[in-house]
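[1] Predicted model, plus sequence, below.
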Amino acid sequence: ARTVSPQELREKLKNGEDFILLDVRSLMEWQTEHLQAPQVKLIPLPELAMRLDELPREKEIIILCRSGVRAYQAQRLLQAGGFRNVKFLDGSLSAWPYGWKA
């Protein structure tokens, strides 16, 4: 599986790189806390299959959830949908040590 470390993701956010940081947690989890960056997009996993058209196929997409299970499922779903450049955050938010402001 192609993963991105928290350190790599933080560098990409700090450098203002153009990619999608896809949060697949529930709206309730998102409202409690989420990463604040222009690259962030929330699509809860149960809605993802129906909302693939909202994601740009040409961009790198990095997926996160709480612990990694849903991110892995989302990665497989995106790859099956023809997305080529899909990774997920290693350890997801449970491994993110940097706080909520990118």
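    In hand now; what should we look at? Numbers count the residues shown, from 1 in each chain.
[2] what's the burial count for Glu58?
    7 (other C-beta atoms under 10 Å). (Glycine included, C-beta is placed from N, CA and C.)
[3] so how far is Glu29 from it?
    Here the distance between Glu58 and Glu29 works out to 29 Å (C-beta to C-beta, to the nearest Å).
[4] just Ser67 next, same as before
    11 Å.
[5] Between these two, which has more neighbouring residues?
    Neighbour count, other C-beta under 10 Å: between Ser67 and Glu29, Glu29 has more, with 16 against 13.
[6] For Ala1, give me the pLDDT.
    pLDDT for Ala1: 55.
[7] Give me the pLDDT for Gly99.
    pLDDT at Gly99 comes out at 85.
[8] How many residues are close by it?
    For Gly99, using other C-beta under 10 Å, the count is 9.
[9] Centroid-nearest residue for this structure?
    Of all residues in the chain, the one closest to the mean position by C-alpha atoms, centre = their mean is Ile63, 2.3 Å from it.
[10] correct me, but Met95 touches Gln7?
    Met isn't right for residue 95; it's Ala. No - proximity of Ala95 to Gln7 does not meet the contact threshold set by C-beta atoms under 8 Å, at 10.4 Å.
[11] following the lengthiest helix in the chain, which helix or strand comes up?
    Secondary structure assigned by DSSP state H gives helix 69-80 as the longest helix of the chain. With elements assigned by DSSP states H and E, the helix or strand that comes after helix 69-80 is strand 86-89.
[12] And the contacts of that following strand?
    The contact list for strand 86-89 (C-beta atoms under 8 Å, 6 or more residues apart in numbering) reads 1-4, 6, 9, 60-64, 68, 71-72, 74-75, 78-79, 95-96.
[13] which of these are buried?
    3-4, 6, 9, 60-64, 68, 71-72, 74-75, 78, 96 (16 or more other C-beta atoms under 10 Å).
[14] circling back: could you pull up the residues touching the residue nearest to the centre of the chain?
    Here Ile63 is in contact with 22-24, 71, 74-75, 78, 86-89 (criterion: C-beta under 8 Å, 6+ apart).
[15] Thanks a lot, catch you later.
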